[in-house]
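Visitor: Fold the following for me, if possible:
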Amino acid sequence: ASTYSAAELKTMGTQNVLQSLKTLDPAFAIIEDNQFGSDPNRLPNMEIRGKSSMLGLRDELDADPNQPLFILDGFESTLAAINDLDINRVASITILKDAASTAIYGSKAANGVIVVETVKPEAGKLQVSYNGNMNISIPDLSSYNLMNSREKLEFELLAGRYDPASWSTASEVKLNELYNKKLKVIESGVNTYWLAEPLRVGVNQKHSLYVQGGEGNFLFGLGAGYNGISGVMEKSDRSVLSGNIDLIYRMSKFQFSNKFSLTSTDYKNPIVVFHEYAAANPYYKKYNDDGTVDKWLENNEELGVSVPNPLWNASLNSYDKGNTISIRDNFQMEYRPWNFLYVRARFGITKSTTDDETFRSPEDTKFDDSVESLKGSYTDMRRESLSYEGDFTITYGQLLADVHQINAVFGASCSESNSDYKSFSAAGFPEGNFTKPSFASGYAANGKPSYSDSKKRTANFYFNGGYSYDNRYLLDVNFRADVRPCLVLTSNSRRLGPL
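Guide: This is a model prediction of the structure:
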């Protein structure tokens, strides 16, 4: 196991907990994803113990099969929650990557465990701390070595792009006209670098405020944070607003603590992806002489060539946005009747709601061949989850007669997770600022609302014992039993009528 303090994490940067951890521990790897690049709304792929045999199944499964187990303040958490966690709230992070992880957390820890502990309020006078930082993200296109407009046209000529598949005078004349038209544009000075069009310099800022204090039996801490991330792609943004309340109450041999947190995440994604700009040829003009944008860069039905203008689609009122709200409350009770005996009980509840909306304007080039009643699209998705988790642990440790060291831990835990998923798609929108589903002519072709729900329950019991005689002879005993009944219900509603 490897444990890193908050100070060690911050020496590697304050941008992200996972990025700092990757720099500190070589066993913790974040896999570069060239397809999504620096998209702030894409969760990273990571591994601790290497890859499993199930590759490429991230979108089909609820989670990446190579992903480690995340534990936040003693309770199971998600990659998204850890990714959005304010680094100023972190007290320490422990990485478990050996057999000890499965002995404690069972088969769920097969890919390793990342245990995160957040800060606890300290006794004393009222303390107010603020941390803020700002950084910029600059796109780097130096690794691209693309042909200019003249080189690209010459390459097409040599590759036979302007040679007719089956020769005829008419087809040869048309292809020659097309070649000369493009050559004329190049001679006029057109050499468009499309890769730079959707990019920008992203300005990111992070703010964290924490107030703590208390004396004697009662301690408290109040925190708030904001993390605004602007991706290098236009309309690629992520904004995380969080708040937390930490309470500790001590009474004789008892200690009660409660941690409450609320996180709201808003995100936006560009409608036109980067590869659509990369696919545009450099001899295409971005704008007309009057500054307007054409719908098509090239649209020749006779030759079967249709190249949409990504700037046209990006200028429409299409959008892809969403919001996630997560509420988490963890309660813990500790009891120490004697120095050698420790009893702990914990209960946690997590509620999460995610809403996604995607709208494509009816003027988008993808709808040019559609009938009027199907132009434009809208998709709405809502996912809700509610989970409970509780555990009870008894720990015994004592040295007898100065030679017999006995350690024993008995624990039991149970959890329940409920999730609901519902979505629908609509089609047929009028042109203009009519982007809500009430303006649609009906559901998408062959489409209907969908709904599914699931319920999962788990329970486990474990015993870890150790005996040492005079620190020379050692004996370890480990036992664990996991019960994982799972009930999944899925249903789809039928179409009832037009919207």
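
Visitor: elements contacting the strand or helix carrying Tyr378?
Guide: In the assignment (DSSP states H and E), Tyr378 maps to strand 377-400. Under the contact criterion of 3 or more C-beta pairs under 8 Å, 6 or more residues apart in numbering; DSSP states H and E, strand 377-400 touches strand 341-360, strand 404-427. No exception for glycine: its C-beta is placed from N, CA and C like everyone else's.

Visitor: What are the buried residues along stretch 281-292?
Guide: 281-284, 286 (16 or more other C-beta atoms under 10 Å).

Visitor: Tabulate the helices and strands packed on strand 377-400 (JSON lines), appending distance to Glu298, mean pLDDT and mean neighbour count.
Guide: As requested, these are exported to JSON lines (distance: least, C-beta to C-beta, whole Å; pLDDT from 0 to 100; neighbours: other C-beta atoms under 10 Å):
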{"stretch": "strand 341-360", "distance to Glu298": "22", "mean pLDDT": "96", "mean neighbour count": "17"}
{"stretch": "strand 404-427", "distance to Glu298": "27", "mean pLDDT": "94", "mean neighbour count": "17"}
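
Visitor: Of all the ones you listed, which one is nearest Ile186?
Guide: strand 341-360 (33.0 Å; C-beta to C-beta).

Visitor: That closest one pairs with which strands, and in what direction?
Guide: Taking DSSP bridges as the criterion, strand 341-360 pairs within the sheet with strand 319-338 (antiparallel), strand 377-400 (antiparallel).

Visitor: so where's this protein uncertain?
Guide: The model of the chain has pLDDT under 70 over residues 33-37, 49-64, 100, 485-499.

Visitor: all helices for it, in order.
Guide: 6-11, 17-24, 79-83, 99-105, 149-158, 169-187, 274-278, 310-315 (DSSP state H).

Visitor: Could you figure out how far the fifth one is turned away from helix 169-187?
Guide: With axes from the mean of the first three to the mean of the last three C-alpha atoms, to 10 degrees applied, the angle from helix 149-158 to helix 169-187 works out at 160 degrees.

Visitor: I'd like the numbering to begin with 92 instead of 1 from here.
Guide: Yes, from this point I'll number from 92; that puts the last item at helix 240-249.

Visitor: same for helix 240-249, what does it pack against?
Guide: Contact partners of helix 240-249 among helices and strands, from 3+ C-beta pairs under 8 Å, 6+ apart: helix 260-278.

Visitor: Outside of the helix it packs on itself, list whatever touches it.
Guide: Helix 260-278 has contacts (C-beta atoms under 8 Å, 6 or more residues apart in numbering) with 240-241, 244, 248, 253-256, 374, 376, 391, 393-394.

Visitor: If we use 7 Å, what do you get?
Guide: Taking contacts as C-beta atoms under 7 Å, 6 or more residues apart in numbering, the residues outside helix 260-278 that touch it are 240-241, 244, 248, 253, 255, 374, 376, 393-394.

Visitor: buried set for the strand holding Tyr469?
Guide: By neighbour count on 16+ other C-beta under 10 Å, the buried set for strand 468-491 is 468-474, 476-478, 480-482, 484-486.

Visitor: ok, back up a step: could you export the strands paired with strand 432-451 as CSV, including distance to Ala172?
Guide: Converted to CSV, these look like this (distance: least, C-beta to C-beta, whole Å):
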stretch, distance to Ala172
strand 410-429, 7
strand 468-491, 12
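
Visitor: List only buried entries from the contacts of helix 260-278.
Guide: The neighbour-count test (16+ other C-beta under 10 Å) marks 240, 244, 253, 255, 374 as buried among those.

Visitor: OK, contacts around the last one?
Guide: For Tyr374, the contacting residues are 240, 243-244, 273, 276-277, 281, taking C-beta under 7 Å, 6+ apart as the criterion.

Visitor: among those, which ones are buried?
Guide: Among those, the ones that count as buried by 16+ other C-beta under 10 Å are 240, 243-244, 273, 276-277.

Visitor: Would you point out the most distant pair within the residues you listed?
Guide: The most widely separated members of the buried ones among the contacts of Tyr374 are Lys243 and Val276, with 11.8 Å between them, by C-beta to C-beta.

Visitor: So what touches stretch 239-256?
Guide: Here stretch 239-256 makes contact (C-beta under 7 Å, 6+ apart) with 238, 262-263, 266-267, 269-270, 273-274, 277, 281-282, 372-374.

Visitor: burial count for the closest residue to Leu402 other than its chain neighbours?
Guide: Excluding its sequence neighbours, the residue lying closest to Leu402 (C-beta to C-beta, 6 or more residues apart in numbering) is Val384, at 5.0 Å. When neighbours are counted by other C-beta atoms under 10 Å, Val384 registers 15.

Visitor: What separation is there between Val384 and Asn349?
Guide: Going from Val384 to Asn349 by C-beta to C-beta, to the nearest Å gives 56 Å.

Visitor: What residues are bridge-paired with Asn421?
Guide: Beta-bridge pairing for Asn421 (DSSP bridges): Lys350, Gly439.

Visitor: give me the number of residues near it?
Guide: Residues within reach of Asn421, counting by other C-beta under 10 Å, total 21.

Visitor: In the stretch 142-291 of the chain, mark out all the strands, start to finish.
Guide: Ranges of strands within the stretch 142-291 of the chain are 160-163, 166-167, 181-187, 204-209, 215-228, based on DSSP state E, counting those that start in this stretch.

Visitor: Run through the neighbouring helices and strands of the second one.
Guide: Pointing back at strand 166-167 there. Of the remaining helices and strands, none touches strand 166-167 by 3 or more C-beta pairs under 7 Å, 6 or more residues apart in numbering; DSSP states H and E.

Visitor: Could I get the contacting residues of Ser468?
Guide: Residues in contact with Ser468 (C-beta under 7 Å, 6+ apart) are 451, 516, 518, 535.
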